[in-house]
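Engineer: sequence first, then the predicted structure, then my questions.
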Amino acid sequence: MKFVRTLKMASLALRHNIMRAALTTLGIVIGVAAVITMMEIGNGAKAAIQRTMASMGANTVVILPGAMNIAGVNTGSGAMMTLTPEDVEAILKECPAVAYAAPIVRARAQVVYGNQNWVPTYVYGTAPAFLDIRDWTDMAEGEAFSDHEVLNSSKVCLVGETVVRELFGGQSPIGKHVRIKNVDFKVIGVLHKKGANLMGLDQDDILLAPWTTIKYRVVAATLAAGNQSSINAANTAEVNTLNTIYPETAQNLYPVPSTTEQTDTAQPIRFANVDQILTAAPAANQVSPAITQISDLLRQRHRLRDTDPDDFIIRDMTEITKTMSATAEMMTKLLLCVAMISLLVGGIGIMNIMLVSVTERTREIGLRMAVGAEPGDILRQFLTEAVLLCLLGGTMGILLGRGSSYVVSLVLGWPTAVSVGAIVAAVLVSASVGIAFGFYPAYKASRLDPIEALRYE
Amino acid sequence: MPDMEFIELHDICKTYHLGELDLPVLRGISQRVARSEFVALMGVSGSGKSTLMNIMGCLDHPTSGAYWLDGREISGLTPKERARLRNRMIGFVFQSFNLLPRMTAFENVLMPLMYCRDNLSDSEMERRAAALLEKVGLAGRMHHRPSQLSGGEQQRVAIARSLINHPQVLFADEPTGNLDSRTSEEILHTFQQLNQMDRITLVMVTHDPGVAQHAQRIILIKDGVIDSGGAPQSAGGAS
């Protein structure tokens, strides 16, 4: 029998009891719709995570100083001071896969304005490239500091929305002066709002200043107060800002060496270290060459032998992106499992109704056999009906799924993305559900004895 | 075997197994029906006449015995081969018409052609169906559903359906059982016409002697064997 005729016959049979066909296929409709919706929400979540990562600084590579062992005791990362501002310049110059590089000097400090005070989560000393890396170049107000101000270690700063709210009560802070560890900073810009990052930390609770200013005017003072070895630091000129303002805070416990003594004594060479270096590759596929280049360059610059371990750590966001994507994917798969179960239940519904249909139409089957339908013809007819039912359900499910994912993105504001794979899979799955669950009833019909079938009441 | 009749039954037995119980329905039936003969199978209900017709119509196979239809041994065929044979050579007319209620008369007549493997064109199929419906006098009611037709009309649709593949033999199982006497006459007249004009072999099962009278020969069946008491009634067959 021609396939077109089988199809026509099947659609006729389904049209005969349209309500039942619709209800039967509802299971498939819901199953397929659930699959599509889940896939699209899952895809949307993945895309959203990628976007979030981009706003956190896509293609970012962070270089941290490494850990070291002192007599078998690990000091934890950051204990070594191995990264220098010169490293930053070298990276920028010699690594073609790095577009931006900025040093970061961290501080934890109270910021004072008038009678208000606030301790921002991040007080970073950095360079203007930081804003490029973090995709933060658009100021909400004012303007960013320049490389010139970094060179001058100008006492200027940029503040985030949270700091504006906490210190200035939401009023424009431009031109106002704040104090950090008694160093006076002029606010020249307000960063635009970013919200919380993936870890839930408020990215707007930030104060940015030239790294030279933070390093030499703010952090150095902290070191002087807390670090034994910083007695030497007292000898270096750049940390003495506080001494000039408050001479009494830097008491000379030791006799001050005379000029002759000073010139005769070898000065401890203190290089300026930075807490981390933030770099960015121009594109996602440049991240891993960038890592290789940076690693090679730093090993060379730090004069490490082949046997020495790295004295720095390189991290890139792609790992976090991957982790996040994997999490989203796992959730999608879980939801997909649930959706698949509903598809299975839908398939059982189809089988049930097909069995009823075979019983109901026993006489018809008997007659068709009497006039010459082969068992295969009967099998094909019922199988076609089941598959047609499932495909119709699948089509409606796709429409419903697309619709509901649209509604979800509209009402709940969840991001969704069209998944062609899901649509193709839904069609294939619903067709195979039709074949799998339609086969038994169809087989049963084809095995009927024509005489008994004709006699069936 | 030379000189073989169109239908040859040799010692056909049919036993139904109902659990432990063996129920013999046909117990050794030998019979010949010539081509273009009009035979009535008569017997009371339970005599096995319907079972015999089912075997002759290739719907069923005998427990033992041999059956030749048009020189071909049938009892060993697979269900698929029998289906093809039914499609090509045999037409059925049932007591309860057995029309498909969802389809129009026209579509009902067309239905057996769906299973015919001749690859007829749609127009050829439709031409045939229309011609047959016209022949049974239903030209104006082609597109009515069975529920919109009277019993006699339905049976005539069923006859048209049985003829669509130009069968050589027609089996009618109590074709007038559900019809009033006047309509029955019409249907039987149609059968006689088919037999005489189109030379179609006809085997009609009935319990009604009045209906059986229309046949050329009556085969009386009683308790699964041919009642020789019915022999004098026969017109001596076609031979």
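Structural biologist: Structure's in. What do you need?
Engineer: next, count neighbours for the closest residue to residue A:176 other than its chain neighbours.
Structural biologist: Excluding the flanking residues, the one nearest residue A:176 by Cβ to Cβ, 6 or more residues apart in numbering or on different chains is residue A:187, at 5.3 Å. (C-beta placed from N, C-alpha, C; glycine too.) If you count neighbours by other Cβ atoms under 10 Å in any protein chain shown, residue A:187 ends up with 25.
Engineer: check residue A:449 too.
Structural biologist: If you count neighbours by other Cβ under 10 Å, residue A:449 ends up with 14.
Engineer: what do you get for residue B:150?
Structural biologist: Residues near residue B:150, counting by other Cβ under 10 Å, number 12.
Engineer: give me the phi and psi for it.
Structural biologist: Phi and psi for residue B:150, reported as degrees, to the nearest 10, are phi -80, psi 170.
Engineer: so the most centrally placed residue in chain B versus residue B:165, what's the distance?
Structural biologist: Taking Cα atoms, centre = their mean, the centroid of chain B lies closest to residue B:171, which sits 0.6 Å from it. Residue B:171 sits 14 Å away from residue B:165, going by Cβ to Cβ, to the nearest Å.
Engineer: shared neighbours of the two, which are they?
Structural biologist: residue B:91 (Cβ atoms under 8 Å, 6 or more residues apart in numbering or on different chains).
Engineer: quick check, the residue in the stretch 51-200 of chain A closest to chain B?
Structural biologist: Proximity of the stretch 51-200 of chain A to chain B (Cβ to the nearest Cβ) peaks at residue A:51, 55.5 Å away.
Engineer: am I right that that residue is in a strand?
Structural biologist: No: the assignment for residue A:51 is helix, going by DSSP: H, G, I helix; E, B strand; the rest coil, so no strand is present there.
Engineer: how about the helices in chain B?
Structural biologist: B:49-56, B:79-89, B:105-114, B:122-135, B:151-163, B:181-197, B:209-212 (DSSP state H).
Engineer: which residues are in contact with the first one?
Structural biologist: The set of residues that contact helix B:49-56 without belonging to it, under Cβ under 8 Å, 6+ apart, is A:451, B:7, B:9, B:12, B:14, B:25-26, B:29, B:41-43, B:60-62, B:67, B:69, B:171, B:173, B:203, B:205, B:207, B:221.
Engineer: that one: how far from the chain's middle?
Structural biologist: 9 Å (Cα atoms, centre = their mean, to the nearest Å).
Engineer: now it: buried residues?
Structural biologist: The neighbour-count check on helix B:49-56 (16 or more other Cβ atoms under 10 Å in any protein chain shown) flags B:49-56 as buried.
Engineer: tell me where the model's unsure across the chain.
Structural biologist: Just going to use chain A. Within chain A, the stretches with pLDDT under 70 are A:1, A:53-58, A:68-69, A:76-79, A:198, A:220-252, A:257, A:261-271, A:319-321.
Engineer: to clarify, I was referring to chain B.
Structural biologist: B:1-3, B:229-239.
Engineer: give the contact list for the one residue in the stretch 251-400 of chain A that gets nearest to chain B.
Structural biologist: In the stretch 251-400 of chain A, the residue that lies nearest chain B is residue A:372 (2.4 Å; Cβ to the nearest Cβ). Neighbouring residues of residue A:372 by Cβ under 8 Å, 6+ apart: B:83-84, B:86-88, B:112, B:115-116, B:165.
Engineer: assumed residue A:313 was part of a helix.
Structural biologist: No: residue state for residue A:313 (three-state DSSP) corresponds to strand; a helix is not indicated.
Engineer: interface residues of the stretch 251-400 of chain A facing chain B?
Structural biologist: A:363-364, A:366-377 (Cβ under 8 Å from any Cβ of the partner chain).
Engineer: ends of stretch A:102-111, what's the gap?
Structural biologist: One end of stretch A:102-111 sits 23 Å from the other (Cα to Cα, to the nearest Å).
Engineer: how about stretch B:211-224: buried residues?
Structural biologist: Buried residues in stretch B:211-224, counting neighbours by 16+ other Cβ under 10 Å, are found at B:211-212, B:214-222, B:224.
Engineer: using CSV, list the CA coordinates for it.
Structural biologist: The C-alpha trace of stretch B:211-224 is given here as CSV (Å, rounded to 0.1, in the frame of the first residue of the first chain):
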residue,chain,number,x,y,z
VAL,B,211,-33.3,-17.9,0.2
ALA,B,212,-31.5,-21.1,-0.6
GLN,B,213,-34.0,-21.7,-3.4
HIS,B,214,-32.4,-19.0,-5.5
ALA,B,215,-29.2,-21.1,-5.9
GLN,B,216,-28.6,-23.6,-8.5
ARG,B,217,-27.6,-26.2,-6.0
ILE,B,218,-28.1,-26.6,-2.3
ILE,B,219,-25.5,-28.3,-0.1
LEU,B,220,-27.1,-29.3,3.2
ILE,B,221,-24.8,-29.5,6.2
LYS,B,222,-25.7,-31.2,9.3
ASP,B,223,-23.5,-31.7,12.4
GLY,B,224,-20.3,-31.1,10.4
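Engineer: off-centre distance for that stretch?
Structural biologist: 14 Å.
Engineer: do the same with stretch A:114-127
Structural biologist: From the chain centre to the centre of stretch A:114-127 is a distance of 27 Å (Cα atoms, centre = their mean).
Engineer: what's the closest non-adjacent residue to the residue most central in space within chain A?
Structural biologist: In chain A, the centroid-proximal residue (Cα atoms, centre = their mean) is residue A:49; its distance is 3.5 Å. Distances taken as Cβ to Cβ, 6+ apart put residue A:324 closest to residue A:49, at 4.5 Å, once the chain neighbours are dropped.
Engineer: how big is the angle separating whichever helix or strand the one you found is part of from strand A:312-316?
Structural biologist: Secondary structure assignment for residue A:324, by DSSP states H and E: helix A:317-360. Computed by axes from the mean of the first three to the mean of the last three Cα atoms, to 10 degrees, the angle separating helix A:317-360 from strand A:312-316 equals 40 degrees.
Engineer: after helix A:317-360 comes which helix or strand?
Structural biologist: helix A:362-370.
Engineer: roughly how far apart are the closest residue to chain A within chain B and residue A:370?
Structural biologist: Closest to chain A within chain B is residue B:87: 2.4 Å, counting by Cβ to the nearest Cβ. As judged by Cβ to Cβ, residue B:87 and residue A:370 stand 10 Å apart.
Engineer: repeat that for residue B:95.
Structural biologist: 13 Å.
Engineer: ok, the two, which is more surrounded?
Structural biologist: Neighbours per residue (other Cβ under 10 Å) separate residue B:95 from residue A:370, with residue A:370 holding more: 27 against 17.
Engineer: what's near enough to touch that one?
Structural biologist: Residue A:370 touches A:450, A:454, B:57, B:59, B:86, B:92, B:98, counting by Cβ under 8 Å, 6+ apart.
Engineer: neighbours of the third one, just the number please.
Structural biologist: So that's residue B:57. Neighbouring residues of residue B:57 were enumerated by other Cβ under 10 Å; the total is 25.
Engineer: quick check: closest non-adjacent residue to it.
Structural biologist: Nearest non-adjacent residue to residue B:57, counting by Cβ to Cβ, 6+ apart: residue B:171, 4.4 Å away.
Engineer: that'll do, ta.
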